[in-house]
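Participant: sequence and computational prediction follow.
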Amino acid sequence: MFMLQNSTSYVTTRHSCLDSQHEQCGSVLYYPGARRCCISWGELISSELGVVYIHQSAGVGDQIRDHTSPEQSRLSKDIGKFVFVFLFDIIPHLTMYTRYNRRGYPERVVESQHLKLDDLRQEAWRIRLKNNYLYIDMPASPRPEFQVSHLKHDTNQTGLRGIKTDEGFRNPGRGSLLWWSLAVGPDEIASAERRLLETTFPDRTEEQVQMQQSFLEKFTTSPAFEQTSRLGSYRFTFPLEEVLEAYSEQFCSGAQPVMRVYETVLYKQEVMYVVLVHSPANQEQFSKYPLLTDDPNSVCTYRDGCFIWRPEAMSGTHRYKLVLRRDEMQMDAVPVTSCPQFYVWDHVAVALHVDEQVLNFDADRLRENLMWCDEGIAAISHGFNNFPEAEKFVRELWSDNPSPLQKA
């Protein structure tokens, strides 16, 4: 089975799924928001391939062209006063399936891929998944590139006690993966904004640089950027290189760990891109997952001691839209005039393959990198502690370390 894909709206020929959310035009079926054209599927292409992206419009009189390659076909069709140009790319059909995590939450999973939002929307629609956060169009937003040099691991009181006892991190359940997230703070946001402006407007004058107001922080409002936590009151933040070095020494016999594109996971309003890290000794076990390469179009890659993350949905709740004033070489965040729009938000998780073992760190190093977090919105863990409770508990665990507990 194969599918067709490209960049914007799509149509599908699966007429059996007609319901109140679908509109049929000719013999081509559209999802809400797709552009309409009255052209039968038979006229378009004699195939059972399922998805077509409307790529652009062209002038009247364009004819079928470059229809010789089985991998890419460009086709135009006169429709009244307009000509719609379709660009097809044939790719192996992806399979999204449902599983439940240990907290009982459903996860919609596509393995071996980091699907960008357009492709994720396409795959979710193909399986008739209902998700109002995914299908709507969000306001214009920046597309920064974050260079992240630290990882974070959030836990609750029970998890903290286990980490102190083990002097390190393990999977608390029956799984073999140890989970971390990218730690993106104000410094990473400021540097990403600077790089975005330099890339977009490379010829700015010094005066234009000084006139530019900070804007990216108005978009980075999802839980991926918050200093609060959804998983517990205790946060460990480690340099990425320190984690990888410890993993290399303890799990790879000093060799370089291997990084792979593990999966894309869709929740109700959250998209998680997972990077798998494993020992070279487990190459065969994980060979079905593509290596994480330095692809400029990928969601996430690794380069020079940092993860490079290119988010598409940073807000979750969109209260601003991006306005580019190209004549003045400025970017602005302008409040949306309608009610705030709710959309999915995305983030990157790093899963270290540890089996039932512990990734060890010195007890003092653990304490040095520990901070308290306030409870975030839509928390998915129970048993948060207020700051005085956390201070008391940490003093009990590290009785020989008088360092004051810091707040995230």
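Facilitator: Perfect, I can see it now. Numbering: from 1, shown residues only.

Participant: where do the strands sit along the stretch 51-200 of the chain?
Facilitator: 51-58, 72-79, 82-92, 97-100, 106-111, 146-148, 150-155, 168-169, 177-182 (DSSP state E, counting those that start in this stretch).

Participant: care to break the protein down by domain?
Facilitator: 2-92, 146-407 (automatic domain parsing).

Participant: tell me the most buried of the ones you listed?
Facilitator: domain 146-407 (a mean of 17; mean count of other C-beta atoms under 10 Å). The C-beta positions use only the backbone N, C-alpha and C, and glycine is treated the same way.

Participant: pLDDT averaged over that one, what's the number?
Facilitator: Mean pLDDT, computed over domain 146-407, is 95.

Participant: where along the stretch 201-350 of the chain do the helices fall?
Facilitator: Per DSSP state H, counting those that start in this stretch, the stretch 201-350 of the chain carries helices over the ranges 206-211, 240-251.

Participant: between these, which one is closest to R102.
Facilitator: helix 240-251 (22.8 Å; C-beta to C-beta).

Participant: hmm, back to that, need the domains of the chain in CSV with distance to Y133, can you?
Facilitator: What follows is those, written out as CSV (distance: least, C-beta to C-beta, whole Å):
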stretch, distance to Y133
domain 2-92, 14
domain 146-407, 5
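
Participant: about what we covered before: adding distance to Y302, write the helices of the stretch 201-350 of the chain out as a markdown table.
Facilitator: Output for these, formatted as a markdown table (distance: least, C-beta to C-beta, whole Å):
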| stretch | distance to Y302 |
| --- | --- |
| helix 206-211 | 30 |
| helix 240-251 | 9 |
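
Participant: follow-up on the earlier one: looking at the domains of the chain, spot the one closest to R121.
Facilitator: domain 2-92 (8.4 Å).

Participant: can you list contacts of the lengthiest helix in the chain?
Facilitator: Longest helix in the chain by number of residues (criterion: DSSP state H): helix 186-200. Residues outside helix 186-200 that contact it (C-beta atoms under 8 Å, 6 or more residues apart in numbering): 142-148, 204, 209, 212, 214-217, 220, 225, 324, 331.

Participant: can you pull the contacts of the residue nearest to S233 when sequence neighbours are not counted?
Facilitator: Nearest non-adjacent residue to S233, counting by C-beta to C-beta, 6 or more residues apart in numbering: N385, 4.5 Å away. Taking C-beta under 8 Å, 6+ apart, we find N385 in contact with 157, 233, 372, 393.

Participant: likewise G376?
Facilitator: Here G376 is in contact with 223, 226, 228-230 (C-beta under 8 Å, 6+ apart).

Participant: could you dump these to TSV with distance to L405?
Facilitator: Putting the contacts of G376 into TSV (distance: C-beta to C-beta, whole Å) gives the following:
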residue	distance to L405
P223	22
E226	19
T228	16
S229	14
R230	20
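
Participant: of the domains of the chain, give the one that comes closest to N132.
Facilitator: domain 146-407 (8.0 Å).

Participant: any idea how far apart the tips of stretch 293-307 sit?
Facilitator: 11 Å (C-alpha to C-alpha, to the nearest Å).

Participant: residues contacting it, please?
Facilitator: Stretch 293-307 has contacts (C-beta under 8 Å, 6+ apart) with 114, 116, 147-149, 182, 240-241, 259, 273, 275, 292, 308-312, 346, 348, 350.

Participant: repeat for stretch 313-326
Facilitator: 117, 138-142, 200-201, 215, 218-225, 269, 271, 330-336, 340-346.

Participant: any idea how far that stretch is from the middle of the chain?
Facilitator: Centre-to-centre, stretch 313-326 and its host chain are 17 Å apart (C-alpha atoms, centre = their mean, to the nearest Å).

Participant: restrict it to CA atoms and write it as PDB.
Facilitator: Extracted C-alpha coordinates of stretch 313-326, given in PDB (Å, rounded to 0.1, in the frame of the first residue of the first chain):
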ATOM      1  CA  ALA A 313       3.500  24.100  17.400                       C
ATOM      2  CA  MET A 314       5.000  26.000  20.300                       C
ATOM      3  CA  SER A 315       1.900  27.500  21.900                       C
ATOM      4  CA  GLY A 316      -0.900  25.000  22.400                       C
ATOM      5  CA  THR A 317      -3.100  28.100  23.000                       C
ATOM      6  CA  HIS A 318      -2.500  30.700  20.300                       C
ATOM      7  CA  ARG A 319      -3.000  34.200  21.500                       C
ATOM      8  CA  TYR A 320      -0.700  35.800  19.000                       C
ATOM      9  CA  LYS A 321       0.100  35.600  15.300                       C
ATOM     10  CA  LEU A 322       3.300  36.400  13.500                       C
ATOM     11  CA  VAL A 323       3.600  39.400  11.300                       C
ATOM     12  CA  LEU A 324       6.600  40.000   9.100                       C
ATOM     13  CA  ARG A 325       7.200  43.600   8.100                       C
ATOM     14  CA  ARG A 326       9.700  42.900   5.300                       C
END
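
Participant: the closest residue to P311 other than its chain neighbours pairs with what?
Facilitator: Of all residues not flanking P311 in the chain, D346 sits nearest, at 5.3 Å (C-beta to C-beta, 6+ apart). Taking DSSP bridges as the rule, D346 bridges to V271.
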